[in-house]
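> Show me the folded form of this:
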Amino acid sequence: MISLNVVPSSSSVTFIKPNHQCLINASPTLKSNLLCKVQTNKNHLLCHRTTSQLYEPGFKSSKLSLIPTSQIPDSVTKLSSFNRFLSHPFDVSPKPNHQIVKAASDGANPEGETEIVADSSDPKSKKLKLAIVFGLWYFQNIVFNIYNKKALNIFPFPWLLASFQLFVGSLWMLVLWSLKLQPCPKISKPFIIALLGPALFHTIGHISACVSFSKVAVSFTHVIKSAEPVFTVIFASALGDRYPIQVWLSILPIVLGCSLAAVTEVSFNVQGLWGALISNVGFVLRNIYSKKSLQNFKEVNGLNMYGVITILSLFYLFPVAVFVEGSQWIPGYYKAIEAIGKPTTFYIWVLLSGVFYHLYNQSSYQALDEISPLTFSVGNTMKRVVVIVSSVIVFKNPVRLLNGVGSAIAILGTFLYSQATAKKKVEKIEGEKEE
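Sure, this is the predicted structure:
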């Protein structure tokens, strides 16, 4: 039973409920600021609230509109979710947004303040989050590959296009840092020196892939790039790492599949093949060199690390791009506009290739933060399958039976490699814990 006692406006309005009492002081001369203090004393809740919103023009004294204090935690949750969205504009929230309000018990919270506890045990939300992460990652990669190839078909200057893509990524990160949507890393001389090597190999890997895309079909380049684990095992073993027999066996189908796909590829081109192979070498050396040179900078997250590498890569690549093909850019531009008919279409293709190149790399780093390395490796393998199939459908590339079989064998080998290396990492972690 609830009783409402209304007294003169200078007094308080009292709501009485079993085991709970809420006093709300309302006065015509209330100040404009909102002050709400929640206190818990056993099973009693005392609320003091002052606001000028209780008496607005047109409101009668008999009509008192109150907002339940139980909505305060909801507003806190919404504000937290909004801030998290700003810091990760193309990712789902790293933690579930569901929160519950837990009243403080005797002695547990002497101040009597409300305690907010995160509820992270929601398998449905985790599955949905994982689906969104993979969906964004795959979609952005597909869009990049399609529009990158379209631009290269009419403007075959991969050095300029690769430089533009790095420029867009650099500008993107600078905007995130300047607007504080992403925490800016602490830039120091040792940090820059440590990144010079990884940035150089990243530049080599990126430009080599773009050269390959300009010479052969997108599907063929990705089949050859699926052989990256082969180079990882070879270079890492040369530097002293040891791999179990399962890892060595897993790279055999990769070599066999890539060889079969290359022999039967309709759009085979030597420069395209070498570009994809050199790209593998560049990215493998980037990963190995990063692991060895950045051990003292583990506080820098993956996205910030990639952002700084992108900026350094732009300084590496653009001067060389001007030297290699700079004299051909203006004539090539007029030919491209003449071939496509509408300049805006060409601009959109180039812009989309630059934006989505950065976005899919950003999503891959954010995906790696959300999931285990094994799930990431499997997802990366399946991503190549999705990109290959999508490019074949969009560009209608002829695919021979043996070419398809070779591609499937190579992808299968990459999947087996991911499984074997993930098992090796788990055993290594368990061994360190036992020590």
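
> Can you list the buried residues in stretch 286-302?
Of the residues in stretch 286-302, 286-290, 294, 297, 300 count as buried by neighbour count, 16 or more other Cβ atoms under 10 Å. In short, each C-beta sits where N, CA and C put it, glycine included.

> Nearest to V378 among those?
N287 (17.9 Å; Cβ to Cβ).

> if we can go back for a sec, now, among the buried residues of stretch 286-302, which is nearest to A194?
Of all those, L294 has the smallest distance to A194: 5.5 Å, by Cβ to Cβ.

> P253: what's its closest spatial neighbour, skipping adjacent residues?
The shortest distance from P253 to any non-neighbouring residue, by Cβ to Cβ, 6 or more residues apart in numbering, is to G413 (3.4 Å).

> about what we covered before: quick check: the two most widely separated of the buried residues of stretch 286-302?
Farthest-apart pair in those is I288 and V300; separation 18.2 Å (Cβ to Cβ).

> Below-threshold pLDDT in the stretch 51-200 of the chain: ranges please.
Residues of the stretch 51-200 of the chain meeting the criterion pLDDT under 70: 51-122.

> can you map out the strands along it?
Assigned by DSSP state E, counting those that start in this stretch, the strands in the stretch 51-200 of the chain fall at 99-102, 115-118.

> ok, back up a step: what's the neighbour count on the residue nearest to P253?
Per other Cβ atoms under 10 Å, the neighbour tally for G413 reads 25.

> you'd agree it is up against S259?
No: using Cβ atoms under 8 Å as the test, G413 is too far from S259 to be in contact (11.4 Å).

> ok, back up a step: please give the element, helix or strand, for the residue nearest to P253.
Assigned by DSSP states H and E, G413 belongs to helix 401-434.

> and Y333, what is it in contact with?
Residues counted as contacts of Y333 (Cβ atoms under 8 Å, 6 or more residues apart in numbering) are F155.

> does it sit in a helix, a strand or a coil?
What DSSP: H, G, I helix; E, B strand; the rest coil gives for Y333 is helix.

> measure the residue nearest to P253 to S327 for me?
43 Å (Cβ to Cβ, to the nearest Å).

> swap in Q182?
38 Å.

> Who has more neighbours out of the two?
Q182 (21 against 10).

> Look up phi and psi at the more buried one.
phi -130, psi 130 (degrees, to the nearest 10).

> do the one 3 residues further on as well
The phi and psi torsions at P185 (degrees, to the nearest 10) take the values phi -70, psi 150.

> Excluding covalently adjacent residues, which one is nearest to A199?
Nearest to A199 is L312, by Cβ to Cβ, 6+ apart, at 3.6 Å.

> and P190, what is it in contact with?
N296.

> Try it again at 10 Å.
Contacts for P190 (Cβ atoms under 10 Å, 6 or more residues apart in numbering) come out as 296-297.

> residues in contact with F395?
145-146, 149-150, 153, 217-219, 267.

> Okay then, goodbye and thanks.
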